[in-house]
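J.: Build the 3D model from these lines:
(one chain, ligands or ions: 1)
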Amino acid sequence: MTRALKIIFFLIIILLPSLLAKEQRKLAKNILILNSYNYGMPWQQTVNEAINRFFDRTNIVLEIHLEYTGLAQMHTPGFKQNLVDLYTHKYRNDIDLVIVVDVPAANFVAQYRDKLPWKAPVVFISDKQDQDKILGIKNMVGVFSDVDIKATLDVALTLHPDTENIAVICGCSPVEQLYEKAAKEVLEKYRDHYSVINLTGLSMKTVLSRVKKLPPRTIVLYLLTIVDAEGKDFIPRKILSKISQNSTAPIYGLWDSLLGGGIVGGRVSCAEFDGVQAAEIAVKILKGEKVDKNVDGGQKFLFDMRQLKRWNINEKKLPKLSEIFYREKTLWDLYRFQIITISCLVIQFLFILQYVVRGKKANRLQKACDDLEVQVDKGTTELNELNKALETRCLECVEVKKREAAQVANKAKSQFLANMNHEIRTPMNAVIGVSELLSKTQLDEQQRKYTKILLDSSKHILYIINNILHLSKIESNQLNLETEVFKVEECLCEIFHMVSPEAQKKDLKINLDIDERIDFPVRGYVKPLKQVLINLASNAIKFTEHGSIQISVQLESCDDSYARLLFSVKDTGLGICEEDRQRIFDDFYQVQHQKDYKGTGLGLSICKKLVEIMKGKLGVRSDLGRGSEFFFDIEVFRAKDIVVSYDASHSDTGNFFQKHPLKILVAEDHETNRMVLTDTFSILGYEIDVVSNGQEAVNYAMSSEYDLIFVDIHMPIMDGFEATSCIRENFAPEHCPLIAGLTAEIFDEEDYLLKNGWDDLLYKPVTIEKLRDTLQRCYHKKTRRKTITTNHKLLNSQVVDRKVIAKIDKDYLDVKTQYFLNKVPEVIGQIENGLELKDIRKKVKELKKDFKDLGLRRFTQVCNEIHGDATSENVDYFVDSLKICYYWTSEELKSYLPTTDN
Ligand code: ADP
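T.: Residues are numbered from 1 along each chain as shown. Got it, this is the predicted structure:
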């Protein structure tokens with residue numbers, strides 16, 4: 001039992017789908033499509049497809065049966081009966097609707113209506129040409145397709161306006177005969193204008209050969225070629241291709257299914273359209289709707305582009321709404337997909353490329369920018385450098401211009417100074433001299449007071465003038481200072497003694513604080529140093545009312561050769577505020593203290609410059625109301641010993657002449673000064689001769705034996721320079737009196753002495769002290785000269801032996817001269833620095849030996865004298881002698897060398 005159930009269940013499962021399908025089939029509507037032609041007929045194929053497509057779009061379940069009757073070709077009654085039998089056997093009454101395609105099948109169904117097994121409605125697609133056979137038959141409704149021969153001919157003739165012949169091709173089957181008949185009727189109307197070439201009812205062979213020989217200006221109307229005269233059947237479209245290939249005339253046709261087979265086109269019947277219409281009617285019937293009206297088929301102007309081209313037909317001439325098929329496919333048509341794909345790829349590639357290029361460009365741009373930046377930086381740097389160079393050059397130019405202008409101004413200033421010096425100092429000399437002389441005479445108390453005021457005031461004026469001139473000299477670099485060997489302690493003591501009287505007057509205490517380590521003599525600018533210290537100490541006293549003044553010196557640093565000394569002058573006076581401290585060293589700057597102090601405001605400014613000359617710096621520290629401290633450091637050489645050149649005792653004026661007897665002539669043009677000089681000399685015990693110009697001085701010198709002649713520089717008739725050289729010319733050197741310049745100008749003494757042949761200088765205004773010093777020096781010179789009598793001969797003879805020099809090689813002479821120019825000043829410097837006597841002798845001996853072969857007569861002689869006669873007392877004289885000798889010798893040596901000027 002169970003087993004039997006299982007088998008039944010299994011069978012149900014297996015058979016169910018087929019049972020369901022059968023049921024489905026029962027439910028479906030059976031449609032039979034009867035075709036007129038065999039399989040392969042294009043028109044019929046198109047209609048079938050159109051019907052099927054339409055059915056597919058409906059929701060009716062259909063089972064379609066297709067039959068190709070071949071009735072177009074085979075139309076005998078026997079064949080038709082066979083078909084009836086076949087269909088009766090095959091379909092019985094299972095058909096719900098029959099669709100018949102084209103005239104033969106339609107006529108067959110109409111003819112065998114009662115014999116056929118089904119009673120189903122029939123939808124036909126037939127031809128209007130043969131409508132009589134089916135019109136009015138019950139249950140048969142459909143589409144009457146129609147061909148429009150006239151419209152086709154008309155369009156053909158329009159496109160070929162020169163047409164003379166119309167050829168007509170048509171087969172022999174009953175359907176074809178229908179069309180042939182219709183065509184004949186239409187062509188009747190054209191016969192007046194066109195010849196009709198009849199290619200109907202012929203064998204296909206004949207047709208094909210005939211179309212090859214068609215006369216010009218012929219058009220062909222192709223109807224149908226289903227069966228030819230020989231009974232051969234053809235698929236019209238296929239045979240049409242052959243006909244078209246052979247034809248010498250364009251072929252026009254009547255069915256759309258022929259398009260592409262060789263016709264140019266025409267007003268054609270549309271199979272697709274007819275199929276759709278038939279399917280529509282069928283669906284309506286199947287749905288139970290009543291359809292009893294036949295419809296007409298559709299036509300269109302359709303053309304084949306290839307044929308249009310072949311026959312050179314302009315498509316613009318085609319009727320409106322014409323459709324053209326078989327256009328030559330463009331590349332776009334052929335390769336649309338590929339083109340789109342490639343285009344996309346290309347676009348993508350271009351995007352990428354653009355991106356890359358942009359990137360590269362950006363990189364390049366960036367690089368270019370970087371390069372540009374580097375270039376710009378480089379250019380900027382170069383430009384800056386150029387600018388700097390230009391600026392420097394400009395500054396240099398400005399500097400040069402300034403310097404030139406300054407030089408011119410300096411020269412003018414120097415000239416002005418020289419003039420002022422002379423013009424102011426000369427009368428001042430007179431005033432001071434007279435005042436001093438006056439003070440030495442018998443005076444009552446009041447006269448003494450007045451004389452003192454006169455002397456003080458004139459000294460003050462001179463002090464101011466001196467300051468101004470001094471400052472100008474410093475600024476114009478005309479201050480030729482000489483170093484001297486001195487002891488710092490002694491120097492400070494001197495200052496102490498000089499300023500003490502003033503301090504005492506104000507009850508101020510002066511303290512000296514000297515660093516014990518400074519126990520060695522030094523060589524330095526002692527005069528400026530003293531000047532600075534006196535100025536600072538005087539100021540300290542001047543601006544201090546209570547307390548004390550401290551003058552100190554500390555050893556800042558030292559080695560074997562040099563020492564740096566730090567000087568300071570400190571007071572407990574008024575003090576100087578910050579603002580004044582900033583400007584206190586400026587020229588003519590004076591602090592506005594409550595009390596009125598006399599002054600020029602030049603003292604500190606001169607001090608500052610003098611300290612700078614001594615390679616130091618002057619500074620100030622101060623507390624307003626508490627006092628000030630001025631400090632400066634200077635550089636000095638360390639000297640071994642101090643050379644005391646002469647007795648500096650100035651006390652006894654009366655004995656002076658006895659100690660230093662000299663016969664003196666003075667040449668001075670200024671009358672008052674003459675008087676002052678005469679009296680000043682007389683105070684020291686001298687009776688002098690006085691003349692008022694250079695010429696008189698020369699005359700006097702020639703007529704009388706003087707030991708010493710003072711010549712004023714600026715004199716009428718003959719000035720001091722000329723007078724000096726005249727006197728020198730008239731005397732042998734050993735007999736020539738000593739000649740001293742008398743001047744208010746401050747010169748580089750040594751230079752002036754040498755250049756102007758003077759033995760000494762006396763600066764105006766002449767004071768007793770100054771005169772005493774000068775006379776003392778000159779007396780020493782005179783006595784020394786006597787000890788070196790032989791020297792006089794030499795002075796007048798050749799300095800250098802020319803015969804010896806002439807034999808010396810010039811290069812060698814050059815080298816030797818350079819050595820002489822370096823070596824001798826070095827030795828002079830060493831002697832002046834305090835070389836010991838035995839070392840001096842050694843040095844001059846070496847000098848003599850070094851230059852023996854040059855024939856330096858005078859130099860050798862001086863060296864001999866120093867070696868033999870020099871003592872610690874007269875070494876100064878010998879140094880002077882060596883300097884003068886060096887000067888003349890070097891000048892003469894240089895004159896033997898070839899000139900280096902271009
Ligand atoms: P002068 O040559 O007229 O004496 P200085 O150049 O020496 O002038 O000084 C300039 C100014 O500095 C003075 O007017 C004075 O007021 C101020 N001065 C200088 N030294 C001192 C000091 N020790 N204490 C206060 N003031 C001072």
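
J.: who does the helix ranked longest in the chain touch, helix- and strand-wise?
T.: Taking DSSP state H as the criterion, the chain has its longest helix at helix 331-439. Packed against helix 331-439 by the contact rule (3 or more CB pairs under 8 Å, 6 or more residues apart in numbering; DSSP states H and E) you find helix 445-475, helix 671-683. Where C-beta positions appear, they are placed from N, C-alpha and C, glycine not excepted.

J.: out of the ones you listed, nearest to Lys542?
T.: Put simply, out of these the one that sits nearest Lys542 is helix 445-475, at 13.4 Å, with distance taken as CB to CB.

J.: Tyr886 and Leu821, how far apart?
T.: Using CB to CB, to the nearest Å, we find Tyr886 at a distance of 9 Å from Leu821.

J.: Comparing these two, which shows the higher neighbour count?
T.: More crowded of Tyr886 and Leu821, by other CB atoms under 10 Å: Tyr886, with 20 against 14.

J.: quick one: contacts for the more buried one?
T.: Listed by CB atoms under 8 Å, 6 or more residues apart in numbering, the contact set of Tyr886 reads 824-825, 828, 859.

J.: Kindly recompute the last result at 6 Å.
T.: Residues in contact with Tyr886, defined by CB atoms under 6 Å, 6 or more residues apart in numbering, are Val824.

J.: so how far is the ligand from it?
T.: Between Tyr886 and the ligand the distance, using CB to the nearest ligand atom, to the nearest Å, works out to 41 Å.

J.: helix or strand for that residue, which one?
T.: Under the criterion of DSSP states H and E, Tyr886 resides in helix 875-896.

J.: Just the CA atoms of that helix, as CSV, please.
T.: As requested, the backbone C-alpha atoms of helix 875-896 are provided in CSV (Å, rounded to 0.1, in the frame of the first residue of the first chain):
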residue,chain,number,x,y,z
VAL,A,875,126.2,113.5,23.6
ASP,A,876,123.3,115.8,22.7
TYR,A,877,125.5,117.9,20.5
PHE,A,878,126.8,114.9,18.7
VAL,A,879,123.4,113.5,18.1
ASP,A,880,122.4,116.9,16.5
SER,A,881,125.6,116.7,14.5
LEU,A,882,124.8,113.1,13.4
LYS,A,883,121.3,114.1,12.4
ILE,A,884,122.4,117.1,10.3
CYS,A,885,125.1,114.9,8.7
TYR,A,886,122.6,112.2,8.0
TYR,A,887,120.3,114.7,6.4
TRP,A,888,122.9,116.0,3.9
THR,A,889,124.5,112.7,3.3
SER,A,890,121.2,111.0,2.5
GLU,A,891,120.1,113.8,0.2
GLU,A,892,123.4,113.6,-1.7
LEU,A,893,123.3,109.8,-1.9
LYS,A,894,119.7,109.9,-3.3
SER,A,895,120.9,112.3,-6.0
TYR,A,896,123.3,109.7,-7.4
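
J.: now it: mean pLDDT?
T.: What helix 875-896 shows for mean pLDDT is 78.

J.: Now do the buried residues in it.
T.: For helix 875-896, a neighbour-count test (16 or more other CB atoms under 10 Å) marks 875-887, 889-890, 892-893, 896 as buried.

J.: circling back to that earlier point, compile the helices and strands packed on helix 331-439 into a markdown table and extend it with columns for mean pLDDT, mean neighbour count and distance to Ile197.
T.: Conversion of those to a markdown table gives the following (pLDDT from 0 to 100; neighbours: other CB atoms under 10 Å; distance: least, CB to CB, whole Å):
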| stretch | mean pLDDT | mean neighbour count | distance to Ile197 |
| --- | --- | --- | --- |
| helix 445-475 | 77 | 15 | 140 |
| helix 671-683 | 83 | 19 | 165 |
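
J.: and of the ones you listed, who's closest to Lys290?
T.: With CB to CB as the measure, helix 445-475 is the member of these nearest Lys290 (143.3 Å).

J.: and that closest one, is it in reach of the ligand?
T.: No: under the criterion of CB under 6 Å from any ligand atom, the ligand is not reached by helix 445-475; the shortest gap measures 6.6 Å.

J.: What helix or strand is the closest residue to Ser881 other than its chain neighbours located in?
T.: Excluding its sequence neighbours, the residue lying closest to Ser881 (CB to CB, 6 or more residues apart in numbering) is Val862, at 5.5 Å. Element membership of Val862, judged by DSSP H and E, is helix 857-869.

J.: Let me see the residues that make contact with that helix.
T.: Under the criterion CB under 6 Å, 6+ apart, external residues in contact with helix 857-869 comprise 788, 794, 799, 801, 841, 844-845, 847-848, 878, 881-882, 885, 889.

J.: do stretch 490-502 as well
T.: Taking CB under 6 Å, 6+ apart as the criterion, the residues outside stretch 490-502 that touch it are 510, 512, 533, 537, 541.

J.: In contact with the fourth one, which residues?
T.: It refers to Ala537. With CB under 6 Å, 6+ apart, Ala537 has these contacts: 499, 569.

J.: Could you find the closest non-adjacent residue to Trp758?
T.: Taking CB to CB, 6+ apart as the measure, Trp758 lies nearest to Gly741, with 4.7 Å between them; neighbours along the chain are not counted.

J.: Can you tell me which residues in the protein are near the ligand?
T.: Counting by CB under 6 Å from any ligand atom, the positions of the chain adjacent to the ligand are 535, 539-540, 543, 571, 573-574, 576, 584, 589-591, 593, 599-605, 628.

J.: quick revisit: could you flag which of the contacts of stretch 490-502 are buried?
T.: Using 16+ other CB under 10 Å, the buried ones in the contacts of stretch 490-502 are 510, 533, 537, 541.

J.: Which one of those is nearest to Ser703?
T.: Among these, Leu533 lies closest to Ser703 (CB to CB), at 49.2 Å.

J.: quick one, what contacts that closest one?
T.: Ile495.

J.: hang on, it in a strand?
T.: No: following the definition DSSP: H, G, I helix; E, B strand; the rest coil, Leu533 is helix and is not counted among the residues of a strand.

J.: So for it, what's the pLDDT?
T.: 94.

J.: what do you get for the one 3 residues further on?
T.: As predicted, Leu536 sits at a pLDDT of 95.

J.: again, but for Lys378
T.: Per-residue confidence for Lys378 comes out at a pLDDT of 77.

J.: try the one 10 residues further on
T.: Looking at Lys388, its pLDDT reads 77.

J.: How about residues contacting stretch 808-820?
T.: Everything outside stretch 808-820 that qualifies as a contact, by CB under 6 Å, 6+ apart, is 851, 854, 893, 897.

J.: of these, closest to the ligand?
T.: The ligand has its nearest neighbour among the contacts of stretch 808-820 in Leu893, at 48.2 Å by CB to the nearest ligand atom.

J.: so where do the helices sit in the stretch 451-600 of the chain?
T.: Chain-ordered helices for the stretch 451-600 of the chain, with DSSP state H, counting those that start in this stretch as the definition, fall at 488-505, 526-542, 578-583.

J.: now the angle between helix 526-542 and the longest one, please.
T.: This means helix 488-505. Angle, helix 488-505 to helix 526-542, by axes from the mean of the first three to the mean of the last three CA atoms, to 10 degrees: 30 degrees.

J.: Surely Gly298 is in contact with Cys270?
T.: Yes: judged on CB atoms under 6 Å, Gly298 makes contact with Cys270 at a distance of 4.8 Å.

J.: okay, the two: which has more neighbours?
T.: Cys270 (22 against 18).

J.: and the gap between that one and the ligand?
T.: The gap separating Cys270 from the ligand is 132 Å, by CB to the nearest ligand atom.

J.: Could you pull up the contacting residues of that residue?
T.: Cys270 makes contact with 256, 298, 300, according to CB under 6 Å, 6+ apart.
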